[in-house]
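> generate coordinates for the sequence data below:
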Amino acid sequence: MPCSACEHHTHQSLAITSSESSLHPAMATTTAVGRNGEGEQKRREKGGFKTMPFILGNDICDRFATAGFGANLITYLTKQLHLPLVEASNLLTNFGGTSSLTTILGALAADSFAGRFWTIVAGSVFYQLGMLGLVVSALLPWLRPSPCSAPPGGPECHRASGLQLAVLYLSLLCTAFGSGGLRPCVVMFGTDQFDHETSEKQVTAEAAEAVAERKRRYFNLYFFTMGVAALLALTVVVYIQDNVGWGWGFGIPAIAMFVSIVVFVIGYPLYVQVKPGGSPFTRLAQVAAAAFKKRNAAVPEDTGMLYQDKELDVLISTNGRLLHTNQLTFLDRAAIVTPGDISASGQPDLWRLSTVHRVEELKSIVRMLPIWSAGIMLSTIESHNGTFIIVQAGSMDRHITRHFEIPPATMSIFGTAVFLVSLALYDRAFVPLARRVTGLQSGITYFQRMGVGLAIHILGVATAALVETKRRHAAADHGLLDNPTAVIPLSVFWLVPQFAVHGVAGAFSSVGHMEFLYDQAPESMRSTAAALFWLAGAFGNYLGTVLVTVVQRTTRARGNDWLQDNINRGRIDNYYWLVTCLMVLNLGYFLICFRFYTMKPLEMADEQDDHDGECELSTLQKNDTGAGGVV
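Model prediction:
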């Protein structure tokens, strides 16, 4: 397309290239169904908001089960299995990391051969088996050690045996594999139900913006329903675990998980199901291998000479092919045609030759990684929300009335409640106000949303440090430093501010992080993009384990153990200050990565002559990201 034509389509190109997510990856299914009237009619009867009761119903039950299962697990490990605090904390962070790490396997299965629907079903079944294992271990006395008749850690308090821990580990492993099938697929499966609403001939800036707005609201609705389910679990299930018994405490989430499977499967006839486009990891490996084999080849100055094949890329570029970019040019060698790359039948050897679109898929993923990695520290700080803070809450006065105490794990409801309120206010109040200032449909871009969230998280950790200092001083003032089981006469509601700040931060950072990954990932790798979101959680949990271990060993060697079973003598506040400093550095790192980030450019169809307009926008204005996107 001539330059004048490029200028003519600049506004529309910005809307499309800045948000590939606005378009319709589900068109791959349309291709498979055919373009006859009957096929199109059947397709229009599927998807849309009528599928939301089944998908969000599944999400609510699933999240209710997951939150109810994991919220109070630190108490189960320390009070029922008699594990030391640091060991129990590291076990949970390692388990959380493994649960997030398995999302790569789930994304690979969904994008390669199984599709998202069946991957979700398989993941739900695995999760159900793991929860049933925990129910059995909580009900059978021989799968738990005898109750302690002395303070935890004393000679009369025996920790769980090898067999008892083996049952626990096996159950947790099953739930980890289940999470791997659920997390990368559920939210993306929901977006698939809207993608069909725009046909190929309607890919205009206005149509893309309309679909993008529905998706942006869907992302907020998704996180909102997850928060509601977690809120229910943190109140009802945690109370049952602390006051009725662990059998029912684990049994109710297991029942909810079973209901989620049934609800999800019932909606099968209504779902739009995107046909898998083949293993994205294989394609990425093929590009890397081809570029390495041709590492000595000269990249042509005319990028139009690089290999293109629309028919080969049809299932992985239904929204339009990715355009060539001038970053990471060493990978362009994979698209240089050399003798022997193409067979006599015209089929390329994909381990020797890749299309420009496939090369740009790899470039997109590589460009995303620095900003993606800024989310790792978020999971690191959240890893102590389910461990240290709950132990702190257990040492404080938790009375609401004279006869009713709030369970320690239920304190998380304040963070969840603020998160829900923040999401509602963000969508209904903040976005309209910001829209007047920025002119963006989304109010602010997802980059700005992430940056604001990272900054607020810093305040949350600093608040936690200040409150822990006050708690320790209260213990010292009442002579309770050497009595770890005593209740300090300080209200547990002093912990509310830090939960509230983290709740506000999550409404910015978590949703913005997911939007960024969805929008900037290649369309055929959307499940993989969701897996990256959870993979950041995996690395964050593992980093939390490493950080806790290093801090404990270092401070113990100096005779001032920050992290010990007697938290009154420990210095958890110093640990929080250390994390605060790391979060400040992480925010600086994010800002640097954002400064040098380049948006992915995408071709669009010329509406007048039906030719592809390949206007390369190598430096899109990041402030315009949300113009037509899910931001």
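
> got any ranges where the stretch 401-550 of the chain has weak pLDDT?
Judged against pLDDT under 70, the stretch 401-550 of the chain has no low-scoring part.

> ditto for the stretch 1-150 of the chain
1-45, 47-49, 70-71, 149-150.

> quick one, longest helix in the chain?
helix 162-195 (DSSP state H).

> tell me the average confidence for that helix?
Regarding helix 162-195, the rounded mean pLDDT is 82.

> right, and the helix or strand after the helix or strand harbouring residue 357?
Assigned by DSSP states H and E, residue 357 belongs to helix 356-373. Of the helices and strands lying after helix 356-373 in sequence (DSSP H and E), the nearest is helix 376-382.

> circling back to that earlier point, quick check: buried residues in the helix holding residue 357?
Neighbour-count burial for helix 356-373, counted by 16 or more other C-beta atoms under 10 Å, picks out 356-365, 367-368, 371-373. All C-beta spots, glycine's among them, are computed from the backbone N, C-alpha and C.

> do the same with stretch 267-287
If you call a residue buried by 16+ other C-beta under 10 Å, then stretch 267-287 has these buried ones: 267, 270-274, 276-277, 279-280, 283-284, 286-287.

> let's see which of those end up in strands.
Residues of the buried residues of stretch 267-287 located in strands (DSSP state E): none.

> ok, so of these, who is nearest residue 301?
Checking these against residue 301 by C-beta to C-beta gives residue 287 as the nearest, at 21.1 Å.

> which residues touch that closest one?
Applying C-beta atoms under 8 Å, 6 or more residues apart in numbering to residue 287 gives the contacts 331, 334, 354, 358, 359, 361, 362.

> of all these, which two lie farthest apart?
334 and 361 (11.0 Å).

> circling back: just checking, what packs against the longest helix of the chain?
helix 52-70, helix 85-101, helix 103-109, helix 115-139, helix 205-232, helix 496-520, helix 526-557 (3 or more C-beta pairs under 8 Å, 6 or more residues apart in numbering; DSSP states H and E).

> repeat that for 6 Å
Here helix 162-195 touches helix 85-101, helix 103-109, helix 115-139, helix 205-232, helix 526-557, going by 3 or more C-beta pairs under 6 Å, 6 or more residues apart in numbering; DSSP states H and E.

> let's have these in JSON lines, adding distance to residue 313.
Shown next, in JSON lines, are the helices and strands packed on helix 162-195 (distance: least, C-beta to C-beta, whole Å):
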{"stretch": "helix 85-101", "distance to residue 313": "30"}
{"stretch": "helix 103-109", "distance to residue 313": "20"}
{"stretch": "helix 115-139", "distance to residue 313": "20"}
{"stretch": "helix 205-232", "distance to residue 313": "21"}
{"stretch": "helix 526-557", "distance to residue 313": "16"}
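
> residue 457 - nearest residue in space that isn't next to it in sequence?
Nearest non-adjacent residue to residue 457, counting by C-beta to C-beta, 6 or more residues apart in numbering: residue 505, 4.3 Å away.

> if I look at that neighbour, how far off is residue 64?
23 Å (C-beta to C-beta, to the nearest Å).

> kindly report the same for residue 249.
As judged by C-beta to C-beta, residue 249 and residue 64 stand 13 Å apart.

> ditto for residue 94
In this view, residue 94 and residue 64 are 24 Å apart by C-beta to C-beta.

> who has more neighbours, these two?
residue 64 (27 against 18; other C-beta atoms under 10 Å).

> pull the contacting residues for the more buried one.
Counting by C-beta atoms under 6 Å, 6 or more residues apart in numbering, residue 64 makes contact with 229, 232, 233, 256.

> which SS state does the last one fall under?
Residue 256 carries the three-state label helix when classified by DSSP: H, G, I helix; E, B strand; the rest coil.

> I'd say it and residue 61 touch.
Yes: applying C-beta atoms under 6 Å, one finds residue 256 in contact with residue 61, separated by 4.7 Å.

> does residue 160 touch residue 81 like I think?
Yes: judged on C-beta under 6 Å, residue 160 makes contact with residue 81 at a distance of 4.1 Å.

> give the pairing partners of the longest strand seen in the chain; include direction for each.
When the chain is parsed with DSSP E, its longest strand is strand 488-491. In the sheet containing strand 488-491, its partner strands are strand 396-397 (parallel), by DSSP bridges.

> show residues contacting the partner strand.
487, 488, 489, 490, 491, 492.

> repeat the analysis, applying 8 Å as the threshold.
471, 487, 488, 489, 490, 491, 492, 494, 495.

> surely residue 114 touches residue 123?
No: using C-beta atoms under 8 Å, residue 114 is not in contact with residue 123, being 10.4 Å away.

> who's more crowded, those two?
Remark: of residue 114 and residue 123, residue 123 carries more neighbours, 29 against 18, as counted by other C-beta under 10 Å.

> what sits against that one?
For residue 123, the contact set (C-beta under 8 Å, 6+ apart) comprises 106, 177, 178, 179, 180, 181, 182, 185.

> list just the nearest of these to residue 410.
Nearest to residue 410, judged by C-beta to C-beta, of these is residue 179 at 22.9 Å.

> and the closest one, how many residues sit next to it?
Applying other C-beta under 10 Å, we find 27 residues neighbouring residue 179.

> doesn't residue 127 make contact with it?
Yes: counting by C-beta under 8 Å, residue 179 does reach residue 127; the two are 6.6 Å apart.

> okay, and the common contacts of these two?
residue 66.

> compute the inter-axis angle for the longest helix of the chain and helix 115-139.
With axes from the mean of the first three to the mean of the last three C-alpha atoms, to 10 degrees defining the directions, helix 162-195 sits at 150 degrees from helix 115-139.

> can we start the residue count at 23 from this point?
Got it, the first residue is 23 from now on, which makes the last one we talked about helix 184-217.

> looking at the contacts of residue 86, which is nearest residue 322?
Nearest member of these to residue 322, counting by C-beta to C-beta, is residue 251, at 54.3 Å.

> which parts of stretch 423-437 are buried?
Here stretch 423-437 shows 427, 428, 429, 430, 431, 432, 433, 434, 435, 436, 437 as buried, counting by 16+ other C-beta under 10 Å.

> as CSV, the residues you listed with distance to residue 588 and secondary structure would be great.
As requested, these are exported to CSV (distance: C-beta to C-beta, whole Å; DSSP: H, G, I helix; E, B strand; the rest coil):
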residue, distance to residue 588, secondary structure
427, 22, strand
428, 23, coil
429, 22, coil
430, 17, helix
431, 21, helix
432, 24, helix
433, 21, helix
434, 24, helix
435, 27, helix
436, 26, helix
437, 26, helix
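
> thought residue 379 was touching residue 622, still the case?
No: the pair residue 622 / residue 379 is not scored as a contact, 11.1 Å apart, by C-beta under 8 Å.

> what residues are shared contacts of these two?
With C-beta under 8 Å, 6+ apart as the test, residue 622 and residue 379 both reach residue 344.

> what is the mean pLDDT for stretch 291-300?
On average, stretch 291-300 scores 77.

> please export the C-alpha coordinates of that stretch as CSV.
Only the C-alpha atoms of stretch 291-300 are listed here, as CSV (Å, rounded to 0.1, in the frame of the first residue of the first chain):
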residue,chain,number,x,y,z
PRO,A,291,-24.1,-26.9,23.0
LEU,A,292,-24.0,-23.1,23.3
TYR,A,293,-20.2,-22.5,23.3
VAL,A,294,-18.1,-21.2,20.5
GLN,A,295,-15.1,-23.5,20.4
VAL,A,296,-12.0,-22.3,18.6
LYS,A,297,-10.2,-24.9,16.7
PRO,A,298,-6.6,-25.4,18.0
GLY,A,299,-4.0,-24.1,15.6
GLY,A,300,-1.2,-26.5,16.4
